[in-house]
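Engineer: Below: sequence and its predicted model.
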Amino acid sequence: MKRGAFFRFLAVTLILSLTLSLLLTSCKKYGRGASLNGGGQTAGGTTAGDTSAGGGTGDETGGETGGETGDESAGGESGGQTNSSPEYQPYVWPEDQLVNYNGLVEHLFFHQIIAYPELAFDGDAQEKGFDDWMVTVSEFNKIMESLYEKGYILVDMNDVWVEKTDENGVAYMAKNTLRIPQGKKPLIISIDDTCYYQSYMGNGFMEKLVLGDDGEIWAWGHDPQGNEVLTQELDIIPAIDTFVKKHPDFSLNGVKACLSLTGYEGIFGYRTNTDSHGLTPEQEAYRQSEIEAVKPIVEQLKKTGWYFGCHTWGHIRLDSSRYGVTGVAADMQRWQSDVGDIVGPTKLLFYPHGGRPDGDDWHKTGEVFKYLHSLGYRIFASVGTQSFSYIKKDISAVICDRLHPDGTTLRHLREQYLQFYDAKDVFDYEWRPEKYGMDF
């Protein structure tokens with residue numbers, strides 16, 4: 001090869017290498033998500049096919065569900081899940097900086113965050129529900145910064161109360177003494193419905209979790225133009241991971257948040273759900289493949305400070321006379337087979353719609369509550385106007401309420417949340433529809 005031709009060849013090779021490197025790096029950039037169409041893919045996990053199966057949102061935006069799918073068209077194969085994950089090394093506080101804490105532990109809960117508000121707030125039938133119960137990425141980031149600035153620190157809900165046994169061998173729940181950094185305020189965060197419902201697809205949300213080639217949790221979905229996107233910013237789970245990585249002192253011993261799961265459309269975008277009408281051998285084989293695909297996601301979440309709670313299988317109202325013990329038992333058995341057997345045991349139960357078992361779990365212990373307790377649940381969380389908790393005297397259980405940062409409270413309950421953030425500073429004025437009004 002002549003010298004001139006050789007140098008031209010070398011220059012072209014260097015340009016191509018640099019271009020490929022930039023494309024690979026772009027997948028890790030934040031912002032509106034990195035498009036994968038035509039570019040390098042570094043975060044693994046491509047796919048998800050047709051989203052036509054299923055019915056109902058199964059959350060506060062859409063009421064109760066009978067949305068049973070088991071359809072092979074939902075979900076898909078995920079890539080990049082065989083890579084070893086990086087070792088998680090949480091920040092450990094020196095013992096001499098910790099103090100005993102026995103006071104109130106605040107509790108906030110979220111749903112999935114809105115990645116693309118232009119799709120969520122497009123005037124369709126779901127817009128009002130999304131406005132009521134969700135926050136945008138912008139709002140979530142501002143809330144997290146405010147919580148950090150105000151001195152809150154994430155703690156594990158399982159550590160707040162502990163089950164003990166008295167001298168007669170009778171079990172009871174007791175408030176635990178936390179050891180937290182002096183000047184910090186303990187905070188529980190829980191996230192409901194992190195199942196990536198099919199009804200959300202095309203409405204501005206990410207569609208599933210995947211493991212990247214870097215071993216970390218990423219979210220996969222589509223942008224408004226239909227391009228595939230991998231992101232660690234536009235979904236609440238990797239966003240919290242990123243925030244704790246940036247602010248390790250926001251977490252006590254690396255704790256993240258509790259993921260409150262239904263089961264009727266699977267978990268984390270993987271269709272692990274059964275169907276009451278039965279599945280064909282092909283559908284069951286597909287379901288088993290989805291179970292295997294999601295297991296590395298679950299294990300990585302566990303390794304990095306996440307933990308799990310039950311939100312019932314079908315997002316059913318536990319205060320409804322429609323179900324009774326028999327109906328609740330059928331639902332909870334399905335949750336165990338479709339979710340619990342994958343994520344492992346939990347003593348945390350989050351009431352869908354805030355509906356308390358038997359209509360009142362505070363002043364009485366009804367048959368539904370007793371049944372749920374028999375399954376091993378000990379901490380029962382509803383929704384309220386403050387982070388209330390009460391240790392029951394007649395049974396080993398704690399009931400508690402949690403607050404909900406969302407469009408409803410941003411618009412109308414600013415004063416109630418000032419200890420956490422100021423809605424005036426958080427509110428997404430650019431995207432939230434003006435027609436729903438606000439009280440400030």
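Structural biologist: That came in fine, so what should we check first?

Engineer: All the helices of the protein, in order from the start?
Structural biologist: Secondary structure of the chain by DSSP state H: the helices cover 3-26, 117-120, 127-133, 137-149, 157-160, 236-246, 281-303, 324-335, 341-343, 367-374, 407-412, 423-426.

Engineer: Go through the shortest one and flag the buried ones.
Structural biologist: Just to be clear, that refers to helix 341-343. Residues 342-343 are the ones in helix 341-343 that count as buried (16 or more other Cβ atoms under 10 Å). To be clear about C-beta, it is placed using only N, CA and C from the backbone, and glycine gets the same treatment.

Engineer: now the fourth one
Structural biologist: Counting neighbours by 16+ other Cβ under 10 Å, one finds that the buried residues in helix 137-149 are 137-144, 146-148.

Engineer: which one among those gets closest to Gly269?
Structural biologist: Distance to Gly269, by Cβ to Cβ, is smallest for Val137 among the buried residues of helix 137-149, at 18.1 Å.

Engineer: which residues does the closest one contact?
Structural biologist: Contacts for Val137 (Cβ atoms under 8 Å, 6 or more residues apart in numbering) come out as 113-115, 233-234, 239.

Engineer: how about 10 Å then?
Structural biologist: With contact taken as Cβ atoms under 10 Å, 6 or more residues apart in numbering, Val137 is in contact with 30, 32-33, 113-117, 204, 231, 233-236, 239, 428, 431.

Engineer: Can you tell me how far it is from Glu430?
Structural biologist: Counting by Cβ to Cβ, to the nearest Å, the separation of Val137 from Glu430 is 12 Å.

Engineer: Please enumerate the shared neighbours of these two.
Structural biologist: The contact sets of Val137 and Glu430 overlap at Pro117 (Cβ under 10 Å, 6+ apart).

Engineer: ok so, going back, could you point out which of the helices of the chain sits nearest Leu209?
Structural biologist: helix 281-303 (5.2 Å).

Engineer: which of the residues in the closest one are buried?
Structural biologist: Applying a neighbour-count criterion of 16+ other Cβ under 10 Å, one finds 283, 286-287, 289-291, 293-294, 296-298, 300-301 buried in helix 281-303.

Engineer: which regions of the chain lie under the pLDDT threshold?
Structural biologist: Scanning the chain for pLDDT under 70 picks out 1-86.

Engineer: on that earlier part again, from the buried residues of helix 281-303, which single one is nearest Gly103?
Structural biologist: Gly103 has its nearest neighbour among the buried residues of helix 281-303 in Leu301, at 29.0 Å by Cβ to Cβ.

Engineer: For that closest one, give its distance to Ile342.
Structural biologist: Between Leu301 and Ile342 the computed distance is 11 Å (Cβ to Cβ).

Engineer: Need the overlap of contacts for the two.
Structural biologist: Taking Cβ under 10 Å, 6+ apart as the contact criterion, the residues that touch both Leu301 and Ile342 are 268, 308.

Engineer: which ones are touching Val170?
Structural biologist: 164, 396.

Engineer: and Ile399, how many neighbours?
Structural biologist: Ile399 is flanked by 21 other residues according to other Cβ atoms under 10 Å.

Engineer: Gly437 against Gly407, yeah?
Structural biologist: No. Contact criterion Cβ atoms under 10 Å: Gly437 and Gly407 do not qualify, at 11.0 Å.

Engineer: nearest to Trp313, of the helices of the chain?
Structural biologist: Minimum separation from Trp313 across the helices of the chain (Cβ to Cβ) falls at helix 324-335, 3.9 Å.

Engineer: Tell me the helices and strands packed up against the closest one.
Structural biologist: helix 367-374 (3 or more Cβ pairs under 10 Å, 6 or more residues apart in numbering; DSSP states H and E).

Engineer: any idea of the angle the helix it packs on forms with helix 324-335?
Structural biologist: Angle between the axes of helix 367-374 and helix 324-335 is 30 degrees (criterion: axes from the mean of the first three to the mean of the last three Cα atoms, to 10 degrees).

Engineer: Show residues contacting helix 367-374.
Structural biologist: Contact with helix 367-374 is made by 310, 312, 318-320, 323-329, 332, 347, 349, 351, 356-361, 365, 377-378, 380, 392, 395-397, 399, as judged by Cβ under 10 Å, 6+ apart.

Engineer: Distance to Phe388 added to the helices of the chain, as a markdown table?
Structural biologist: Formatted as a markdown table, these follow (distance: least, Cβ to Cβ, whole Å):
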| stretch | distance to Phe388 |
| --- | --- |
| helix 3-26 | 46 |
| helix 117-120 | 31 |
| helix 127-133 | 21 |
| helix 137-149 | 19 |
| helix 157-160 | 13 |
| helix 236-246 | 24 |
| helix 281-303 | 28 |
| helix 324-335 | 24 |
| helix 341-343 | 27 |
| helix 367-374 | 17 |
| helix 407-412 | 16 |
| helix 423-426 | 21 |
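
Engineer: Relative to Ile297, how far out is Trp213?
Structural biologist: Careful, residue 213 is Asp; it's not Trp. Asp213 is 15 Å from Ile297, where distance means Cβ to Cβ.

Engineer: if we can go back for a sec, could you pick out the buried ones from the contacts of helix 367-374?
Structural biologist: Buried members of the contacts of helix 367-374, counted by 16+ other Cβ under 10 Å: 310, 312, 318-320, 323, 325, 327-329, 332, 347, 349, 351, 356-358, 361, 365, 377-378, 380, 392, 396-397, 399.

Engineer: mind listing which of those residues are in strands?
Structural biologist: Counted as lying in strands by DSSP state E, out of those, are 310, 349, 380, 399.

Engineer: Most widely separated two among these?
Structural biologist: With Cβ to Cβ as the measure, no two of those lie farther apart than Cys310 and Ile399, at 14.9 Å.

Engineer: Distance from stretch 421-435 to the middle of the chain?
Structural biologist: Distance of stretch 421-435 from its chain centroid, counting by Cα atoms, centre = their mean, to the nearest Å, is 22 Å.

Engineer: For it, C-alpha coordinates in CSV please.
Structural biologist: The C-alpha coordinates for stretch 421-435 follow below in CSV (Å, rounded to 0.1, in the frame of the first residue of the first chain):
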residue,chain,number,x,y,z
TYR,A,421,-41.1,21.0,49.3
ASP,A,422,-42.9,24.0,48.0
ALA,A,423,-45.4,23.2,45.2
LYS,A,424,-44.8,26.7,43.7
ASP,A,425,-41.2,25.8,43.1
VAL,A,426,-41.9,22.2,42.0
PHE,A,427,-45.0,22.5,39.7
ASP,A,428,-44.4,21.8,36.0
TYR,A,429,-45.9,25.0,34.6
GLU,A,430,-44.6,24.1,31.1
TRP,A,431,-46.6,20.9,30.7
ARG,A,432,-49.4,20.5,33.2
PRO,A,433,-52.8,21.5,31.7
GLU,A,434,-54.0,24.9,33.0
LYS,A,435,-57.7,23.8,32.9
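
Engineer: Fine, thanks again, bye for now.
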